[in-house]
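>>> Sequence plus predicted model, see below.
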Amino acid sequence: MKSKSEAKWQINVPDPEENTAINAGIDADPDTYELSEQEFKHLRRVGRPPATITKERVTIRLSPDVVGSFRSTGTGWQTRINNALRDWLREHKPTEANGEKKTN
């Protein structure tokens, strides 16, 4: 059976007959079994632990030469841009664009 998700992706959902065949295959595999509730409770999350301080996701436009320079330094280039901006903030006040104050 085919269905469409909200993202317009096509998802092939097994019909009851196919689902039965899949489960029979799982049951026949000696290396696979369904976890008990007790075993399930002892599972731990895999991957990077949640950060206590997270970064904010933003979209900005940068000059191609700036992005190219940072990207050419390899993995971690976004962190290096973040650090460069942090260094700039130590010496400057981000008051207004072009150093001019806004007038209301």
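It's in.

>>> List the neighbours of the helix or strand hosting residue 85 that are in contact with it.
Following DSSP states H and E, one finds residue 85 within helix 77-91. Helix 77-91 has contacts (Cβ atoms under 8 Å, 6 or more residues apart in numbering) with 55, 62, 70-71, 73. In this view, the C-beta of every residue, glycine as well, is placed from N, C-alpha and C.

>>> Lowest-confidence one in those residues?
The lowest pLDDT within the contacts of helix 77-91 belongs to residue 55, with 86.

>>> Let me know the secondary structure of that residue.
State at residue 55, reduced to three classes by DSSP: H, G, I helix; E, B strand; the rest coil: coil.

>>> could you pull out the strands for the protein?
2-4, 10-12 (DSSP state E).

>>> hey, least reliable of those strands by pLDDT?
Among the strands of the chain, strand 2-4 scores lowest, with a mean of 55.

>>> low-scoring stretches of the protein, by residue?
1-7, 96-104 (pLDDT under 70).
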